[in-house]
Structure formats: structure tokens, C-alpha cells
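Participant: got a predicted structure plus its sequence, pasted below:
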Protein chains: 2
Amino acid sequence: VESFESKLSHFRTVINERLNEVAVNAQPASFYEPVRYVLEGDGKRIRPILLILACQSVGGDINQCLNAAVAIELLHNFTLVHDDIMDHDDLRRGRITVHKKWDQATAILAGDGLVALAYQNLLKTESDRILEISKIFTEGIIDLCEGQALDKDFESRPEIELNEYMRMIEKKTARLLMIASEIGVIIGRGSQKEQSILGQFSLELGCAFQIRDDVLDIEHSSGKSYASDIRQKKKTILFVHALNHARQNDRDRLQKIYQKPEINSNDIETIRSIFETAGSLSFTLNQVETRINNARAALNKLRLTDAQHDLHELLNLILTRKN
Amino acid sequence: VESFESKLSHFRTVINERLNEVAVNAQPASFYEPVRYVLEGDGKRIRPILLILACQSVGGDINQCLNAAVAIELLHNFTLVHDDIMDHDDLRRGRITVHKKWDQATAILAGDGLVALAYQNLLKTESDRILEISKIFTEGIIDLCEGQALDKDFESRPEIELNEYMRMIEKKTARLLMIASEIGVIIGRGSQKEQSILGQFSLELGCAFQIRDDVLDIEHSSGKSYASDIRQKKKTILFVHALNHARQNDRDRLQKIYQKPEINSNDIETIRSIFETAGSLSFTLNQVETRINNARAALNKLRLTDAQHDLHELLNLILTRKN
């Protein structure tokens, strides 16, 4: 039996080959060069892998769904390029971002092009349900935009409710994993029930992933640079929970620190201790655990196949990463 | 018989009603408010009208193609929002541009959303050829991106060949008119020949429109602010022709003026006289005439219907506008 690692490695090779062909030799260079640059980046290719595994789990094969898998990765890369402009980020996957390496106009256009190239690949899919697939894909993009807008809104809003945070990460992070699975199931000729179960699995997986990402920010041993979310005053789930559940004077301290022009190392330790006292850290770890259990429970509703086992492995892989 | 003007006015009302519904009451406001703002602008709705007329000219009706017509207008508005960011334009249709009224992040996201909303409406089209329609739409977006990239490239390049200029305006301006017609014909169940003829008509129409727009820039009586293209150092067809056909010392003067930080009124008159001496103005007017004749000749290959007559009227309307 092929190991899960070698299977993933094979998927990544196939996906990367296809991504490298997307804009090969195309002109004008001012448009396609930044597109190629983005696609050469060292991505984990989680979304297309999820799509392929979902397709396989209902009896489909990789050749049927590879165009759609490539489309999902192109769409993900579009969001990275445009989000990096909006968030003024200089680095992505250890490389200079497109708008820094070239300029904003180039990055806006490269992102726009990636959306069109995503549809171009998606529409190559041979399926009698291509219309439904395209609609799911399109509603996914609309949700991504709404999620990004909510995330930007949160930056300037002092108070966020926990359910608002959850809605934001569902749209901004989890939705793309969900549509990847749903499209994989449809291409693999899975049932409505399988589509719904694997969609739910991926939604829970995506939320667990994003919430865990918030926790990694304040873990010294993680691959992320320590407390960078706090330094950027991001409204993580820890912050949102503490703001709604800490004692009044701790809430005031938290708000005051987030209003400072710059957050220093003392502030970070203050914030960490507020998170712990308010129970925000244990609450958040609990949320991750709950979401993982929900995801596993969804998977267990499917009949047992190798591919289902692979999806469990993918979940373990995604949720034990250190960066 | 209903007059062409009242027909157009009816189309515009129907299209605007649908555009106003696209984002009505939708949340979050930070995403949908700029989208609504853009769609409320006073557009001529040329592209959706062309799509409807093309559909009618092959026997289809407006109810079949309205979703696609709305999609084409949404796509056009996406290009306006993103192009305005890239070109640092402050005004559009007499109103402040999105990135000026809000900010760049908001405008990037509004543009991204408009693409997704365009597909959302396109995919509502009831046609057994929806896959083909979606592919044409997608290739159109890729061409728009390539055209915009070429246009930006030209800003920093001293020399442009005439055929490069033509390729740029075909992709950036004419292609969207072409896909509007092609999609209209397909929805109206026209033949391959009708699709090809009306596509050609629209390509020629689009080029005539763009070339004429370059001429209007140096006509005092036009609605455009006088010589604004020259002031912005745009590589219009007049400039490109003069650069390739004026006497050497006139070419040098032209290049020198375009290298100045600011172009004054004397410079503008110098440039005008160089355009006239080099025959650039008459060449350009000739090009407009040729393109119009090509467009009319294409139309005349179709069987005579009321809708074909309307397309002639639309051409007259577009190519006699003063702004």
C-alpha cells in the first residue's frame, strides 16, 4: 500500500506541474510573469489535495478532477495576492509579495488574471454537472470577498462578538475548503449526502485550522514569529473571547494596549496573562478540539474506504503543523 | 413602430433595475456599498444593449439574455473600478472613484466582487450552451487583463508600433463588445455564421470607438476635456502614428515633450501641428472610417431584420457621440 506521504507528494508534483503550465510562455510578460512567480511559490496545495481526496473518496479519480483542483489552487492564490496588497504584507511563503516585487497595479492585475485562469481551468472539467460546479465555485468567491470585508471591518471595530468572528473565518478560510470538497464529490459522482458530509467535514476542518492558527501565534515553539498577530492588533479568537469574558479592568487594559501605536514585549506578556485569566486560551483550545471532533464525526458517517482514511490523515497533517 | 431611442431607453431601465437588485440589502456594507455605488453610476450600458440586440437579431428575446446582459455590464464595471486604481483616476462618470471615496483595499475588493457577481448572473442564463458561453466570457476576461497590461506597458515604452496599439485596443476595448455579441447570438440560438459575423461587427465597432475616442481628445468641440490624453502622455493612435511617420526632427520634438514633467498649452499646439504635418490626424480619421465600413459590411451579411437595423442605429449612436 502506498503511504499517505508518498501519495501527497505525488499529488503535489502533479498539481505543481499543471500550475507551471498555466502561464508558460504567455505574453505580455508584465501580466504573466507575476502570475508565474506566484504559482512557483512553495505552497502546501492543501485545497487541491482536499478536492482530489474528496473525489477519490466517492470513487472518482484524479484525472477527472485535476482541472478543478488546479482551479481551486489558482483561486486561493488570487486571494493571497490581493489580500497581501490590502494588508500591506511584504512576505508570502518566504518570498517578496507581488506588489512589493513589482507594484500595486501589477499585483491587482495578476490577481484578476488568476481568477480568470481559475475559471478557465475549472471549465475544462468534464462533468454533466459543470453548471452546478461553476455556481458553487462562484458563490465561494462571493463568500471569500465577504469574509475579507468582515476581516478588514474588524480592524477598526473595538468590539467583536464571537459569532461574528466565527462567521468571518467560515467565509474567509473554511468556505474555500468546503467548495473544494463539494466540487470533488460532484466530479466523482458522489451522492448529495456525500457532498453534504464532506462539505461539513471541510468546513469544520477549515475553522479548526484558522482557530488553531490564532493559538500558534502565542506559542513560543510554533514556526510562526512569536505574537505577530498581537503586534498587528489582529482580532484573533483569543482577543475576541477575552474582550467578551475578561473582568472589566482586564478588558480596559486590553483595549488600551490595542490603542497604542506600538505593542511592546511587556504588553504581549500582559495580554497573554489576560488571555489565561479570562480562560480564553482554554476556551480556544477547546474550540479547536470540538471542531476536529465534528470533522472526524462527519467523516465517520461515510462508508469506510482508503480515501476516507486519507482524509483523516490530511486532517491530522493540517492540524499538527507547527507553522 | 417603436423608435430606436425609446427601445434603448426601455433597455436601460430594465438593465438598471436589475443592476440595482444585484447587491440590494446585502451585507457586509463595507463590501456591498461600494458595489452599489458603482452600479448606480450613470453608464450608457452599451455592452448589455449590444448583447440584447445581438440576441434579438437572430430571433431571441430579451428575457432569455437579460442575465447575461447584466453579467457583461458587471464585468465592465469591474474593469472600471480596478483600472481607475491603476491609473490613479479621481473621477468616473462625473463621480468620485471608489478608491478615492473609500480606499484602495475597498476598491480592490469591490472589483473582485463584481467579477464574481458577473459570473453569478451569467450562470443564471438558461441555455444548453452555458458551458460554451462561460468559456467565451472567461477568455474575454483574460484578454481584458492582457489588454490592460499592454496599455500599462506602453506608458513606460518610448516607441510603440501601430500593430501593437491595435492589438492593445482590441483586447482592452473591443473584445468585451465582441463577447457581448457572441453570447447574445448563442443565447438567441443563432448560427455559427451569425456568431462570427456579429462578433466581427462588434470587434470593428469597438476599435472604431476607441480610435475615435483618441481623436476626440484634440477636438475643441468634443465633450472630453481638451487634450487630456496628451497631458497624461497617453500613447494614442495619433501619437503612435506620428512617432512612426513624422520627420526625424518632429519625432525628436515629440519624444522631448513627452519626457517633460508637465505638458503646457504651447506643447499641445506643437504636438497638434506635428500630428497634422505627419498626416496622423487624417490617417486616424481614415482608420475610424475603415473600421465603421468594416462593421457595416459585416452587418449587411446578415438577413435583414428589425434588430439588424437597430444594430446599425447603435453603431451610429456610439460613433457620433460627442463625449
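Facilitator: Received, thanks.
Participant: so for stretch A:266-275, what gets flagged as buried?
Facilitator: A:Asp267, A:Ile268, A:Thr270, A:Ile271, A:Arg272, A:Ile274, A:Phe275 (16 or more other C-beta atoms under 10 Å in any protein chain shown). Heads up, the C-betas are built off the backbone N, CA and C, glycines and all.
Participant: buried residues in stretch A:94-113?
Facilitator: A:97-100, A:102, A:105-113.
Participant: now, which of these lie close to chain B?
Facilitator: Checking the buried residues of stretch A:94-113 against chain B by C-beta under 8 Å from any C-beta of the partner chain, the ones in range are A:Ala105, A:Thr106, A:Ile108, A:Leu109, A:Gly111, A:Asp112, A:Gly113.
Participant: tell me, how many residues neighbour the residue of the stretch 201-323 of chain A found nearest chain B?
Facilitator: Evaluated by C-beta to the nearest C-beta, the stretch 201-323 of chain A has A:Lys235 as its residue closest to chain B, separated by 14.4 Å. A:Lys235 is surrounded by 22 other residues when neighbours are defined as other C-beta atoms under 10 Å in any protein chain shown.
Participant: name the element the nearest residue to it once chain neighbours are set aside belongs to?
Facilitator: Closest residue to A:Lys235 apart from its sequence neighbours, by C-beta to C-beta, 6 or more residues apart in numbering or on different chains: A:Phe154 at 4.3 Å. Element membership for A:Phe154, per DSSP states H and E: helix A:130-156.
Participant: just want the angle from that helix to helix B:130-156.
Facilitator: 50 degrees (axes from the mean of the first three to the mean of the last three C-alpha atoms, to 10 degrees).
Participant: would you confirm that A:Tyr119 contacts A:Ile72?
Facilitator: No - contact between A:Tyr119 and A:Ile72 fails when scored by C-beta atoms under 8 Å: they sit 11.5 Å apart.
Participant: do you know the pLDDT at the residue minimising distance to the centre of chain A?
Facilitator: Against the mean C-alpha coordinate of chain A, by C-alpha atoms, centre = their mean, the closest residue is A:Thr173 at 4.1 Å. A:Thr173 is assigned a pLDDT of 96 by the prediction.
Participant: rewinding a little: quick check: buried residues in the helix holding A:Phe154?
Facilitator: Using 16+ other C-beta under 10 Å as the test for burial, helix A:130-156 gives A:130, A:133-134, A:136-154.
Participant: counting contacts, what elements does it pack onto?
Facilitator: Counting by 3 or more C-beta pairs under 8 Å, 6 or more residues apart in numbering or on different chains; DSSP states H and E, the packing neighbours recorded for helix A:130-156 are helix A:62-86, helix A:104-122, helix A:162-169, helix A:175-187, helix B:29-40, helix B:104-122, helix B:130-156.
Participant: quick one: closest of those to B:Ile292.
Facilitator: helix B:130-156 (21.3 Å; C-beta to C-beta).
Participant: low-confidence ranges, the stretch 151-300 of chain A, go.
Facilitator: Segments of the stretch 151-300 of chain A classed as low confidence (criterion: pLDDT under 70) are A:222-224.
Participant: quick check: residues of it near chain B?
Facilitator: If contact is defined as C-beta under 8 Å from any C-beta, the residues of the stretch 151-300 of chain A in contact with chain B are A:Lys152, A:Asp153.
Participant: I'd like the distance between the residue in the stretch 151-300 of chain A that chain B sits nearest to and B:Leu109.
Facilitator: Here the residue of the stretch 151-300 of chain A nearest chain B is A:Asp153; by C-beta to the nearest C-beta that distance is 5.2 Å. Taking C-beta to C-beta, to the nearest Å as the measure, A:Asp153 falls 11 Å from B:Leu109.
Participant: helices of the stretch 151-300 of chain A, start to end?
Facilitator: Using DSSP state H, counting those that start in this stretch, the helices found in the stretch 151-300 of chain A span residues A:162-169, A:175-187, A:192-216, A:228-231, A:237-245, A:248-259, A:265-277, A:280-300.
Participant: between those, which one is nearest to B:His10?
Facilitator: helix A:175-187 (38.4 Å).
Participant: tell me the residue furthest from the middle of chain A?
Facilitator: Of all residues in chain A, the one whose C-alpha sits farthest from the chain's mean C-alpha position, using C-alpha atoms, centre = their mean, is A:Asn249 at 34.9 Å.
Participant: how many neighbours does the residue nearest to A:His220 when sequence neighbours are not counted have?
Facilitator: Counting by C-beta to C-beta, 6+ apart, the nearest residue to A:His220 once its immediate chain neighbours are dropped is A:Tyr226, at 6.0 Å. Residues lying near A:Tyr226 (other C-beta under 10 Å) number 16.
Participant: now stretch A:171-190, how far from the centre of its chain.
Facilitator: Offset of stretch A:171-190 from its chain centre (C-alpha atoms, centre = their mean, to the nearest Å): 13 Å.
Participant: same check on stretch A:32-44?
Facilitator: Relative to the mean C-alpha coordinate of its chain, stretch A:32-44 is positioned 17 Å out (C-alpha atoms, centre = their mean).
Participant: who's in contact with the one helix or strand A:Glu313 maps to?
Facilitator: Secondary structure assigned from DSSP H and E places A:Glu313 in helix A:306-318. Outside of helix A:306-318, the residues that reach it under the criterion C-beta atoms under 8 Å, 6 or more residues apart in numbering or on different chains are A:1, A:4, A:7-8, A:46, A:49-50, A:53-54, A:56-58, A:198, A:201, A:205, A:209, A:292, A:295-296, A:299, A:302.
Participant: also stretch A:263-280?
Facilitator: Applying C-beta under 8 Å, 6+ apart, the set of residues contacting stretch A:263-280 is A:218, A:227, A:230-231, A:233, A:237-239, A:241-242, A:245-247, A:250, A:253-254, A:257, A:260, A:281.
Participant: next: stretch A:210-221.
Facilitator: A:169, A:172-174, A:222-224, A:226-230, A:236-238, A:272, A:275, A:281, A:284-285, A:287-288, A:291, A:319, A:322-323.
Participant: buried ones in that stretch, by neighbour count?
Facilitator: Of the residues in stretch A:210-221, A:Gln210, A:Ile211, A:Arg212, A:Asp213, A:Asp214, A:Val215, A:Leu216, A:Asp217, A:Ile218 count as buried by neighbour count, 16+ other C-beta under 10 Å.
Participant: looking at A:Tyr119 and A:Ile72, which one has more neighbours?
Facilitator: Set side by side, A:Tyr119 and A:Ile72 give different neighbour counts by other C-beta under 10 Å, the larger being at A:Ile72 (31 against 25).
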